[in-house]
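Novice: From the sequence below, what's the structure:
(one chain, ligands or ions: 2)
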Amino acid sequence: MVGGGMNGMFYPVVGFASCVVFIYMSFWDLTPHYVKEMEMGFVRRNGSQFMVDGRALYVNGWNSYWLMDQAVEDYSRPRVRAMLHTGAKMGLTVCRTWAFNDGAYNALQISPGHFDERVFKALDHVIVEAKRYGVRLLLSLVNNLQPFGGKTQYVKWAWEEGVGMSSSNDSFFYDPYIRRYFKKYVKTLLSRKNSITGIEYRNDPTIFAWELMNEPRCMSDPSGKYLQDWIEEMAGFVKSIDRNHLLTVGLEGFYSPKSPGKLDVNPGEWASVLGTDFIQNSKSSNIDFASVHIYPDQWLVGQPLETKLKFVEKWVVSHVDDGDKVLKKPVMFTEFGLSNMNKDFELSQRDKLYKTIFDIVYRSARKNGAGAGTFIWQFMVGGMEEYNDDFGIVPWERPSTYRLITEQSCKLALIHRRDRLTRFERELCEKI
Ligand SMILES: *[C@@H]1O[C@H](CO)[C@@H](O)[C@H](O)[C@H]1NC(C)=O
Ligand SMILES: *[C@@H]1O[C@H](CO)[C@@H](O)[C@H](O)[C@H]1NC(C)=O
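Specialist: Ligands and ions are numbered 1, 2, ... in the order given. Model (predicted):
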């Protein structure tokens, strides 16, 4: 059984918090607490902190982009439950995943405004499974890149219907027809009534937040105007339909010359002309929290690991600082990973990268700071090799990584939510 190998993986480490956990364990009454956990509240924001049920929430999370896709077919659907159950057992509280598939195989949106009910039911199922394990979902609404359609597919649709202004895939951001397509999709998704629970997505607290786009870039307009306009308009549109949920952009976090003091934090000069600016884009009044990605292999090609880790530390600290001092909003590191295609790659290097990022967020959490969470890219379950990229991990296959991640879950949970641990957190944190 998936995840069955996890027991016995923990060595008896004298934990920083075992006493605290022990005290709470002894007052533990399974039934009423379990029911309570099933009634999740909406995640809110107070300044630079996330709040839920009156407590600050700092997130140890992960990416599994494939949940909806794998929930479509009977043979692969059990992977969804296995992954969400595993994440919950690791004390992870939020999973980031795609709520889009535009025109690709098993598309949710087959053509503009036309949806496949079978795939919508798959997404309904993902939400129900997440709720079952007390995991919230950070749902992304479209891809900047081509997998699962992305902006290129929208442009192709407009071109095919004879209404597109341009064949440039950046016309996604400024073509009024394409903006209308995207709004239609957003409206359909946010007001979707879950076929299993009867709850509209916009009223479902299982959804942590919406993300406008995965890694938006508009390189044809380095001034950043097109993307900024698009963010303002779409963020306002999302909020006009759904005031319950938080919203983020989905940025990688690069600074443009609009943030002159920050340019030397970028991984290179190329990063300042992609049409995005972390500060300006995240400042938008309808954007509740900022998002950042971290790919040192792709951004600092050929550099030694030490150089990459130094960059990562500066990158993470800088963005947390922006959240504290400039944006006054939470900042989430929603993707990071090390590629196994590097010639000097060793699995232990991933632990070093994760720990570098985890430690900064932990320090921020202890000070009630804006460093609000981390999402590893990416987790799979066994037997999914064809869905893997060079970053994928089956988390229980590597004890040191597994232990590092679960320790972070407990450390974060125990700062602000000692009295509100989930069933899974109790089981986990007692063992550490
Ligand atoms: C919101 O944060 C401020 C400090 O930043 C704090 O004084 C206040 O109590 C918080 N409000 C809630 C509802 O937690
Ligand atoms: C955008 O279009 C260009 C030219 O067709 C292509 O090279 C590029 O890969 C596309 N970018 C994305 C993100 O789809």
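Novice: Straight-line length of stretch 208-223, end to end?
Specialist: Across stretch 208-223, the terminal residues are separated by 32 Å (C-alpha to C-alpha, to the nearest Å).
Novice: can that stretch be found next to ligand 2?
Specialist: No. No part of stretch 208-223 sits close enough to ligand 2 to count as contact by C-beta under 6 Å from any ligand atom; the gap is at least 7.2 Å. To be clear about C-beta, it is placed using only N, CA and C from the backbone, and glycine gets the same treatment.
Novice: That stretch - what's its average pLDDT?
Specialist: Taken as a whole, stretch 208-223 carries a mean pLDDT of 98.
Novice: Pull the distance from it to the chain's centre.
Specialist: Taking the mean of its C-alpha atoms, stretch 208-223 sits 14 Å from the chain's own mean (C-alpha atoms, centre = their mean, to the nearest Å).
Novice: Return the set of buried residues in that stretch.
Specialist: 208-218, 221 (16 or more other C-beta atoms under 10 Å).
Novice: Might you report the residue contacts of the residue in the stretch 151-300 of the chain that ligand 1 sits nearest to?
Specialist: Taking C-beta to the nearest ligand atom, ligand 1 has its nearest neighbour within the stretch 151-300 of the chain at Asp288, 14.3 Å off. By C-beta atoms under 8 Å, 6 or more residues apart in numbering, the contact list for Asp288 reads 45, 209, 246-248, 329-330.
Novice: what's the neighbour count on the residue nearest to it when sequence neighbours are not counted?
Specialist: In this structure, Asp288 finds its nearest non-sequential neighbour in Leu246, 4.0 Å apart by C-beta to C-beta, 6 or more residues apart in numbering. Counted by other C-beta atoms under 10 Å, the residues lying close to Leu246 total 21.
Novice: Give the phi and psi angles for Leu246, as a check.
Specialist: Geometry field for Leu246 lists phi and psi as phi -80, psi 160, criterion degrees, to the nearest 10.
Novice: Any idea how many residues pack against Phe279?
Specialist: Quick fix: residue 279 is Ile, not Phe. Neighbours of Ile279 using other C-beta under 10 Å come to 18.
Novice: Can you verify my assumption that it contacts Pro260?
Specialist: No. Using C-beta atoms under 8 Å, Ile279 is not in contact with Pro260; the gap is 10.6 Å.
Novice: max-length helix in the protein?
Specialist: As far as residue count goes, and with DSSP state H defining each element, the longest helix of the chain is helix 347-366.
Novice: Pull out the buried residues from it.
Specialist: 349-358, 360-362, 364-365.
Novice: now for it, which elements pack on it?
Specialist: Helices and strands touching helix 347-366, by 3 or more C-beta pairs under 8 Å, 6 or more residues apart in numbering; DSSP states H and E, are helix 305-321, strand 331-336, strand 371-376, helix 399-416.
Novice: So what's the gap between stretch 117-136 and the chain middle?
Specialist: 16 Å.
Novice: buried ones in it?
Specialist: Those would be 119-120, 122-131, 133-136, for stretch 117-136 by 16+ other C-beta under 10 Å.
Novice: go on, stretch 293-311?
Specialist: 293-297, 299-300, 305, 308-309, 311.
Novice: What does the pLDDT read for Val20?
Specialist: At Val20, pLDDT is 39.
Novice: where's Thr97, which helix or strand?
Specialist: strand 94-98 (DSSP states H and E).
Novice: For the residue nearest to Thr188 when sequence neighbours are not counted, give me its contacts.
Specialist: In this structure, Thr188 finds its nearest non-sequential neighbour in Phe115, 6.4 Å apart by C-beta to C-beta, 6+ apart. Residues counted as contacts of Phe115 (C-beta under 8 Å, 6+ apart) are 108-109, 188.
Novice: and of those, the nearest to ligand 2?
Specialist: Gln109 (16.9 Å).
Novice: Next, count neighbours for the closest one.
Specialist: 28.
Novice: who touches the spatially closest residue to it that is not a sequence neighbour in this structure?
Specialist: Here the nearest residue to Gln109 in space, its sequence neighbours aside, is Asp102; by C-beta to C-beta, 6+ apart that works out to 4.9 Å. Residues in contact with Asp102 (C-beta under 8 Å, 6+ apart) are 108-109, 142-143, 148-150, 153-154, 185.
Novice: Quick check: phi and psi at Asp102.
Specialist: phi -100, psi 100.
Novice: Mind pulling the model confidence for it?
Specialist: Per the predicted model, pLDDT is 98 at Asp102.
Novice: on that earlier part again, reformat the helices and strands packed on helix 347-366 as a markdown table; add mean pLDDT and distance to Ala235.
Specialist: Shown next, in a markdown table, are these (pLDDT from 0 to 100; distance: least, C-beta to C-beta, whole Å):
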| stretch | mean pLDDT | distance to Ala235 |
| --- | --- | --- |
| helix 305-321 | 98 | 19 |
| strand 331-336 | 98 | 16 |
| strand 371-376 | 98 | 19 |
| helix 399-416 | 97 | 28 |
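Novice: Compare the ones you listed and give me the one nearest Ser284.
Specialist: strand 331-336 (14.6 Å; C-beta to C-beta).
Novice: Work out the gap between that closest one and the centre of the chain.
Specialist: Relative to the centre of its chain, strand 331-336 is centred 7 Å away, using C-alpha atoms, centre = their mean.
Novice: Renumber starting at 16 from here on
Specialist: Got it, first residue is 16 now, which makes that one strand 346-351.
Novice: For it, which outside residues touch it?
Specialist: By C-beta under 8 Å, 6+ apart, strand 346-351 touches 63, 74, 78, 111, 153, 226, 263, 265, 304-310, 327, 331, 334-335, 337-338, 368-369, 372, 376, 385-393.
Novice: Can you add pLDDT and give the contacts of Phe130 back as CSV?
Specialist: Formatted as CSV, these follow (pLDDT from 0 to 100):
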residue, pLDDT
Leu123, 98
Gln124, 98
Thr203, 98
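Novice: I figured Trp174 hits Ser182, correct?
Specialist: Yes. Applying C-beta under 8 Å, one finds Trp174 in contact with Ser182, separated by 6.0 Å.
Novice: Among these two, which residue is more densely surrounded?
Specialist: Trp174 (16 against 11).
Novice: What residues does the residue of the stretch 316-447 of the chain found nearest ligand 1 make contact with?
Specialist: As assessed by C-beta to the nearest ligand atom, ligand 1 sits closest to Asn383 within the stretch 316-447 of the chain, at 7.3 Å. Neighbour list for Asn383: 64, 71 [criterion: C-beta under 8 Å, 6+ apart].
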